[in-house]
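Trainee: Let's see this in three dimensions:
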Amino acid sequence: MTTEQPIQVTAATFAQYREGLIELLVDAVKHGASVGFMGDFDLAQANRYFDDVHTQLAQGNLLLWVLVEDQRVLASVQLALCQRANGLNRAEVQKLLVLNEARRRGLGQVLIHALEQGAREQKRGLLHLDTEAGSPAENFYSALGYTRVGELPNYCQNPNGTYAPTAIYYKTLSEPQ
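Mentor: Below is the predicted model of the structure:
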């Protein structure tokens, strides 16, 4: 059974989700997701990455949500809170991941709604993100009200080593206060 509501993971609860998050990230990279890792991605890299995620959660720089079914992490999303004095109204949507076998069930949409609510609670009215240009993610974010700003050519490599452009999106949740 999938939890009806996403679970917000904190530094204190992170350990119980860590292995599932690692499995989720490994699955995403294995299936070609351009999320910052190359094809030689391994468990050591995943562990280092999630050490940093835990640190960022503890420092209050990052928020993290998961969806769980039968004690297995099916999907997650992160929100990086800008810490610059002139950017406290903004945050970056990062690493929306869904297990390959759990796709097309609306899990990403559920997580984005939770992330947007979390952003509002943190008084972050401007969200931004980047995603591979031409990928299905573009339709996903557009359908959720995100606006495409433009595209950067050869922005990053896919896990297979080929460079791809990235599309930049934003969504205004509220005006700065």
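Trainee: before we move on, which element is Y49 in?
Mentor: Using DSSP states H and E, Y49 falls within helix 43-59.
Trainee: Tell me the gap between that helix and the middle of its chain.
Mentor: Between the mean C-alpha location of helix 43-59 and the chain-wide mean there is a distance of 14 Å, by CA atoms, centre = their mean, to the nearest Å.
Trainee: From the centroid of this structure, which residue is nearest?
Mentor: K95 (2.5 Å; CA atoms, centre = their mean).
Trainee: give me the element the closest residue to that residue other than its chain neighbours is part of.
Mentor: Of all residues beyond its chain neighbours, the one nearest K95 is Q78 (5.0 Å), with distances taken as CB to CB, 6 or more residues apart in numbering. Any C-beta I mention is one placed from the backbone N, CA and C, and that applies to glycine too. Here Q78, judged by DSSP H and E, is contained in strand 72-81.
Trainee: Over to I112?
Mentor: Assignment of secondary structure by DSSP H and E places I112 within helix 107-121.
Trainee: Nearest spatial neighbour of V66, chain-adjacent residues omitted?
Mentor: Once flanking residues are discounted, V66 sits nearest to S76: 4.7 Å by CB to CB, 6+ apart.
Trainee: got the residue ranges for the strands in the chain?
Mentor: Defined through DSSP state E, the strands belonging to the chain, from first to last, are 7-9, 62-69, 72-81, 90-98, 126-132, 147-157, 163-172.
Trainee: between these, which gets nearest to G32?
Mentor: With respect to G32, and counting by CB to CB, the nearest of those is strand 126-132 at 9.5 Å.
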